[in-house]
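J.: Model the following, please.
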Amino acid sequence: MARRAIPGQGAFDLVELRTEVPDLASYDVILMNVSGGKDSQAALAELVLHATAASVMDRIVVVHADLGMVEWPGVRELAAEHAAHYGLRFEVVRREGSSLVERVEERGMWPSADNRWCTSDFKRGPIRKLITRLVRELRAAGHVGPVRILNVMGLRADESAARRKLAGFAHDGSKTCPCPECQRRRKATEAAKAAGITTKKIPARDRMQHGASNTLRWVDTWLPIHSWSTADVWTAIFAAGTRPHPAYAAGMPRLSCVFCVLASRAALVRAAQLQPALAARYLLAEQMTGHRFRLDVSMAEIVAEAAATPAPAAGTLVACWEG
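T.: Residues are numbered from 1 along each chain as shown. Model (predicted):
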């Protein structure tokens, strides 16, 4: 777990893809995303180590995207507990309106690996609203110029092929961000579309981004534990002394939605054993929409298998998944 610091960063060096620790003192807000799961728990502990060294603990804001009924019981309270352990400001955001299951019923279909609207609608969207509020707070307090925000997440390369491709550090650019790199991408994307090239065929290096930066805020994303193993994560948690969610002791290898569309079949079955009422609600949504929970597995199959399968022995983890 290398912990090398970047001593200083020029204005536009931040678009480079780095895995080192960014210059935390150069940011006005350090936004730590916490789910209550082990990875964000370890990432928070790692962030606190570096923020303490940089004397910027007062700039950290911990945010939890509350997913309501689809989350494991006690997750919101545990996320608050993790923030309180370090004496940090804690914010909860939540999508207004329908719950995730209700949105499935309204849309007539479940999220999928190729269309993860659940993440954009229920996590990323509400968190960006918080970013807007934090910027307004600072500007109301007299801040002049763009507010610099570091968005910190506990994503790890071990979790999936897609996450292995992520950079440990990157600028969260957009078409309205005035930095030279974002404006270059905007022009390249517009030129490609004018030539009849579809977005998917535009090279990633030239494709316009849809991140959180704009004329009022400069946002970068840092994944402090991107290269860590699961063993590294648990070592950091034990050293920090924060409490893990009890779902891990019950056999769950990860803590996302109780029934994640990317989860392994074994994890879905174990989740249905632990949360049978929620499994029944998902089954009802599947029946109402006529759309299978996933192409390769239905909630009806999961519920039946959960009832017919003995619970695993204490301390046994079910198969993990990528995503």
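J.: what about the helices in the stretch 51-200 of the chain?
T.: For the stretch 51-200 of the chain, the helices defined by DSSP state H, counting those that start in this stretch cover 75-85, 100-107, 117-119, 125-140, 161-164, 180-194.
J.: do the same with the stretch 201-323 of the chain
T.: Using DSSP H, counting those that start in this stretch, helices in the stretch 201-323 of the chain cover 230-240, 246-249, 265-274, 276-289, 299-308.
J.: Could you list the buried residues of stretch 281-297?
T.: 281-283, 285-286, 289, 291, 293-294, 297 (16 or more other Cβ atoms under 10 Å). Bear in mind the C-beta positions are built from the backbone N, C-alpha and C, glycine included.
J.: Quickly name whichever of those residues is closest to residue 185.
T.: Of all those, residue 294 has the smallest distance to residue 185: 34.0 Å, by Cβ to Cβ.
J.: Hmm, that closest one is touching residue 114, no?
T.: No - using Cβ atoms under 8 Å, residue 294 is not in contact with residue 114, being 11.7 Å away.
J.: Return the residues in contact with residue 286.
T.: 110, 292-293, 298-300 (Cβ atoms under 8 Å, 6 or more residues apart in numbering).
J.: again, 10 Å this time
T.: By Cβ atoms under 10 Å, 6 or more residues apart in numbering, the residues touching residue 286 are 104-105, 110, 292-293, 298-300, 302-303.
J.: just the buried members of the residues you listed?
T.: 104-105, 110, 293, 298-299, 302-303.
J.: Out of the residues you listed, which is nearest to residue 232?
T.: The closest of the buried ones among the contacts of residue 286, once distances to residue 232 are taken by Cβ to Cβ, is residue 302, at 31.5 Å.
J.: what's the pLDDT at that closest one?
T.: As predicted, residue 302 sits at a pLDDT of 97.
J.: before we move on, the earlier item: want to try CSV for the helices of the stretch 51-200 of the chain, with mean pLDDT and distance to residue 230 as columns?
T.: Below are the helices of the stretch 51-200 of the chain laid out as CSV (pLDDT from 0 to 100; distance: least, Cβ to Cβ, whole Å):
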stretch, mean pLDDT, distance to residue 230
helix 75-85, 98, 18
helix 100-107, 94, 27
helix 117-119, 89, 22
helix 125-140, 97, 25
helix 161-164, 88, 13
helix 180-194, 94, 34
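J.: tell me the most buried of the ones you listed?
T.: helix 75-85 (a mean of 19; mean count of other Cβ atoms under 10 Å).
J.: export that one as PDB, just CAs?
T.: Output of helix 75-85 as PDB, limited to C-alpha atoms (Å, rounded to 0.1, in the frame of the first residue of the first chain):
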ATOM      1  CA  VAL A  75     -26.200   1.000   6.700                       C
ATOM      2  CA  ARG A  76     -27.100   4.700   7.000                       C
ATOM      3  CA  GLU A  77     -26.400   4.600  10.800                       C
ATOM      4  CA  LEU A  78     -23.200   2.700  10.300                       C
ATOM      5  CA  ALA A  79     -21.900   5.300   7.700                       C
ATOM      6  CA  ALA A  80     -22.700   8.000  10.300                       C
ATOM      7  CA  GLU A  81     -20.800   6.000  12.900                       C
ATOM      8  CA  HIS A  82     -17.800   5.800  10.700                       C
ATOM      9  CA  ALA A  83     -17.800   9.600  10.100                       C
ATOM     10  CA  ALA A  84     -18.300  10.200  13.800                       C
ATOM     11  CA  HIS A  85     -15.300   8.000  14.700                       C
END
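J.: Could you check how far it is from the centre of its chain?
T.: Centroid separation for helix 75-85 versus its chain: 16 Å, with Cα atoms, centre = their mean, to the nearest Å.
J.: Show me what that helix packs onto, helices and strands only.
T.: With contacts defined as 3 or more Cβ pairs under 10 Å, 6 or more residues apart in numbering; DSSP states H and E, helix 75-85 has these neighbours: strand 29-33, helix 38-53, strand 60-65, strand 89-93, helix 230-240.
J.: which residue packs closest to residue 113, ignoring adjacent ones?
T.: Leaving aside its chain neighbours, residue 113 sits nearest to residue 262 (6.0 Å; criterion: Cβ to Cβ, 6 or more residues apart in numbering).
J.: Next one, pLDDT for that neighbour please.
T.: Reported pLDDT for residue 262: 91.
J.: That one - how many residues pack around it?
T.: Using other Cβ atoms under 10 Å, residue 262 has 18 other residues around it.
J.: residues in contact with it?
T.: Counting by Cβ under 10 Å, 6+ apart, residue 262 has contacts 111-113, 116, 159-160, 254, 256, 294, 321-323.
J.: Highest neighbour count among those residues?
T.: residue 111 leads the contacts of residue 262 on contacts (other Cβ under 10 Å) with 23 neighbours.
J.: Enumerate every residue touching the closest residue to that residue other than its chain neighbours.
T.: Nearest residue to residue 111 in three dimensions, chain neighbours excluded: residue 118, at 4.2 Å (Cβ to Cβ, 6+ apart). Residues in contact with residue 118 (Cβ under 10 Å, 6+ apart) are 67, 70, 95, 100, 103-104, 110-112, 256-257, 260-261.
J.: Understood, closing this out.
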